[in-house]
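Q: Provide a 3D model corresponding to the input given below.
(chains A and B)
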Protein chains: 2
Amino acid sequence: MTNKAIILLSGGLDSTTCLALAKQQKLETYALSFNYQQKHSVELTAAKKIAKHYAVNDHYIVDITLPNNQLSSLTNNNLTPPQYSANSDDTHIPNTYVPARNTLFLSYALSLAESIQANSIWIGCSVIDYSNYPDCRPEFIQSYQQLIDNAVPLGVNNQPIKLKAPLLNLSKAETIKLGLSLGVNYSMTISCYCATAEQPACGKCDSCVLRQKGFAEIT
Amino acid sequence: MTNKAIILLSGGLDSTTCLALAKQQKLETYALSFNYQQKHSVELTAAKKIAKHYAVNDHYIVDITLPNNQLSSLTNNNLTPPQYSANSDDTHIPNTYVPARNTLFLSYALSLAESIQANSIWIGCSVIDYSNYPDCRPEFIQSYQQLIDNAVPLGVNNQPIKLKAPLLNLSKAETIKLGLSLGVNYSMTISCYCATAEQPACGKCDSCVLRQKGFAEIT
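A: Numbers count the residues shown, from 1 in each chain, chains lettered A, B, ... in the order given. The predicted structure is shown next:
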């Protein structure tokens, strides 16, 4: 088993907590971020700072051109992310969903894991306090692990590649508590779906409100 | 169920047969090709001609930048694809393997399927007369279908997205027979791992020799 870990790093609260956790476990960390033409690409500025702060072994920023980017308000200029609603239907998937985003991100991570011989891939998704994205649920994570096992049956260095989702069943408050115990400086992170350099948090979108509520719960 | 089908189209023999099969089934075809910095990117010239020949509804050519492209002789200028060897170990994976290539291709196809509401994704891989790539085996295809089912649990238009691998258990000769019965003009296709505009087939690599043997078997 190698000591190398690939961390999907958006620059947000969850992925930064994942990185801090991997560092605590003394892993060699390789951060992987994506420019998928998200309107809030300022998150990549945060990702770069965070990767530097944690002295990762390498930070890859990969450009992704979606064959069609019209469906999501994160990539379509004509759509706007909705404001958070406490009463929203639990099964409703908001327009911030990007088709197959986590599938794509993990596929790049898998390619990199095989190439640099990393035995783990870390993703900061959670099924608690989330936006109902189907690709953040335990069923998705389990399926992706099975896919890895069949896509790379020999593993790397004779060991399987493990998909780690340590925040999967944590509430936002629990994630923040974990991160604070690891010394994470959350002021470095950007979570907002509408973030710009001038206004890194709108305070109204799902991502902002879930973050605010998380911090409120622990104080 | 929509009538839309996404066809992974490399420009080679197998994917062209898939496209011909989808056309025979009167599907609305959307071809998807990738420029992943493969040295034999002349295959994309063939893919364009083939897509045009079959009057696909749209042909997407997506640029992929692999975070690390050193492992494969298809992307690393310092490596050379091996010559075909009839005695090669059945479990040996040659250096033409590109880490997670089919996983990446299918992930883009999944994103596109969700975006344009397509209910099927077609891939021309086969586990007979192949190069031992793990991501061409039935276990991989089955795992990817399960991943799709969990990544897009609601499907599109209330129907699941189906992964079709109609050549999976066909020998190269059987694929060619099928294609010829569908009227495929294989002179349009490029299979060679070393293809250039000047020399579209080296005649010595795995891909060339498997193709030659396929044609030889049916004559």
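Q: okay, CA-based contacts and neighbour counts for the rest of this
A: Fine.
Q: what's the longest helix seen in chain A packed up against?
A: In chain A, with assignment by DSSP state H, the single longest helix is helix A:101-116. When contacts are defined as 3 or more CA pairs under 8 Å, 6 or more residues apart in numbering or on different chains; DSSP states H and E, helix A:101-116 sits against strand A:4-8, strand A:120-122, helix B:101-116.
Q: Please list the residues outside it that contact it.
A: Helix A:101-116 is touched from outside by A:6, A:8, A:32, A:34, A:118-121, A:135-136, A:148, A:155-156, A:161, B:66-71, B:99-101, B:103-104, B:107-108, B:111, B:151, with contacts defined as CA atoms under 8 Å, 6 or more residues apart in numbering or on different chains.
Q: which of the helices and strands packed on helix A:101-116 sits most buried?
A: Of those, the one with the most neighbours on average (mean count of other CA atoms under 10 Å in any protein chain shown) is strand A:4-8, at a mean of 27.
Q: List the neighbouring strands of that one plus their orientation.
A: Neighbouring strands of strand A:4-8 in its sheet, by DSSP bridges, are strand A:28-35 (parallel), strand A:120-122 (parallel).
Q: any chance of these in a markdown table, with mean pLDDT too?
A: Formatted as a markdown table, the strands paired with strand A:4-8 follow (pLDDT from 0 to 100):
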| stretch | mean pLDDT |
| --- | --- |
| strand A:28-35 | 98 |
| strand A:120-122 | 98 |
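Q: Next to chain B, which bits of chain A? Give me the list.
A: Counting by CA under 8 Å from any CA of the partner chain, chain A comes close to chain B at A:60-71, A:99-101, A:103-104, A:107-108, A:110-112, A:114-116, A:134-135, A:139-140, A:143-144, A:146-147, A:150-153.
Q: Any idea what the nearest residue to A:D58 once chain neighbours are set aside is bridged to?
A: With CA to CA, 6 or more residues apart in numbering or on different chains as the criterion, A:D58 has its nearest non-adjacent residue at 5.0 Å, and that residue is A:Y30. A:Y30 forms beta bridges with A:I6, A:D58, as assigned by DSSP bridges.
Q: Surely A:Y30 is in contact with A:A55?
A: No. At 9.7 Å, A:Y30 and A:A55 do not qualify as touching, with contact defined as CA atoms under 8 Å.
Q: between the two, which one's more packed in?
A: Neighbours per residue (other CA atoms under 10 Å in any protein chain shown) separate A:Y30 from A:A55, with A:Y30 holding more: 25 against 15.
Q: how about that one, what does it touch?
A: Shown in contact with A:Y30 (CA under 8 Å, 6+ apart): A:4-7, A:56-60.
Q: run the last query once more with 10 Å
A: Going by CA atoms under 10 Å, 6 or more residues apart in numbering or on different chains, A:Y30 touches A:4-9, A:19, A:51, A:55-60, A:109, A:112-113, A:116, A:118, A:121.
Q: again with A:T16
A: Counting by CA under 10 Å, 6+ apart, A:T16 touches A:7-10, A:22, A:46-47, A:50-51, A:54, A:124, A:179, A:184-186, A:188-190.
Q: now swap in A:S207 and tell me
A: Contact analysis of A:S207 by CA under 10 Å, 6+ apart lists A:12-13, A:83-84, A:96, A:129-131, A:190-194, A:201.
Q: Run the chain-centre distance for the longest helix of chain A.
A: On the basis of CA atoms, centre = their mean, to the nearest Å, helix A:101-116 sits 13 Å off its chain's mean C-alpha point.
Q: okay, it in PDB with CA atoms only?
A: Extracted C-alpha coordinates of helix A:101-116, given in PDB (Å, rounded to 0.1, in the frame of the first residue of the first chain):
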ATOM      1  CA  ARG A 101     -20.100  16.000 -11.800                       C
ATOM      2  CA  ASN A 102     -18.900  13.700  -9.100                       C
ATOM      3  CA  THR A 103     -18.800  10.900 -11.500                       C
ATOM      4  CA  LEU A 104     -16.500  12.900 -13.700                       C
ATOM      5  CA  PHE A 105     -14.400  14.200 -10.800                       C
ATOM      6  CA  LEU A 106     -13.900  10.700  -9.500                       C
ATOM      7  CA  SER A 107     -13.000   9.400 -12.900                       C
ATOM      8  CA  TYR A 108     -10.200  11.900 -13.200                       C
ATOM      9  CA  ALA A 109      -9.100  11.000  -9.700                       C
ATOM     10  CA  LEU A 110      -9.100   7.300 -10.700                       C
ATOM     11  CA  SER A 111      -7.000   8.000 -13.700                       C
ATOM     12  CA  LEU A 112      -4.500  10.000 -11.600                       C
ATOM     13  CA  ALA A 113      -4.500   7.300  -8.900                       C
ATOM     14  CA  GLU A 114      -3.400   4.700 -11.400                       C
ATOM     15  CA  SER A 115      -0.900   7.000 -12.900                       C
ATOM     16  CA  ILE A 116       0.900   8.100  -9.700                       C
END
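Q: so it versus strand A:4-8, what angle?
A: If you take axes from the mean of the first three to the mean of the last three CA atoms, to 10 degrees, helix A:101-116 sits at 160 degrees to strand A:4-8.
Q: so A:L163, which of the three states?
A: Under the three-state scheme (DSSP: H, G, I helix; E, B strand; the rest coil), A:L163 adopts strand.
Q: how near is the residue of chain A most remote from its centre to chain B?
A: The outermost residue of chain A relative to its centre, with distances by CA atoms, centre = their mean, is A:N158 at 27.6 Å. For A:N158, the distance to chain B equals 14 Å [CA to the nearest CA, to the nearest Å].
Q: between the helices and strands packed on helix A:101-116, which gets nearest to A:V209?
A: strand A:4-8 (22.4 Å; CA to CA).
Q: Now, of the residues of chain A next to chain B, which are buried?
A: When the residues of chain A next to chain B are checked for burial by 16 or more other CA atoms under 10 Å in any protein chain shown, the buried set is A:60-64, A:66-71, A:99-101, A:103-104, A:107-108, A:110-112, A:114-116, A:134-135, A:139-140, A:143-144, A:146-147, A:150-153.
Q: okay, now the nearest residue to A:M1 once chain neighbours are set aside: neighbour count?
A: Ranked by CA to CA, 6+ apart and with sequence neighbours excluded, the top spatial neighbour of A:M1 is A:Q159, at 5.7 Å. Neighbourhood size, A:Q159 [other CA under 10 Å]: 14.
Q: Fine by me, we can end here.
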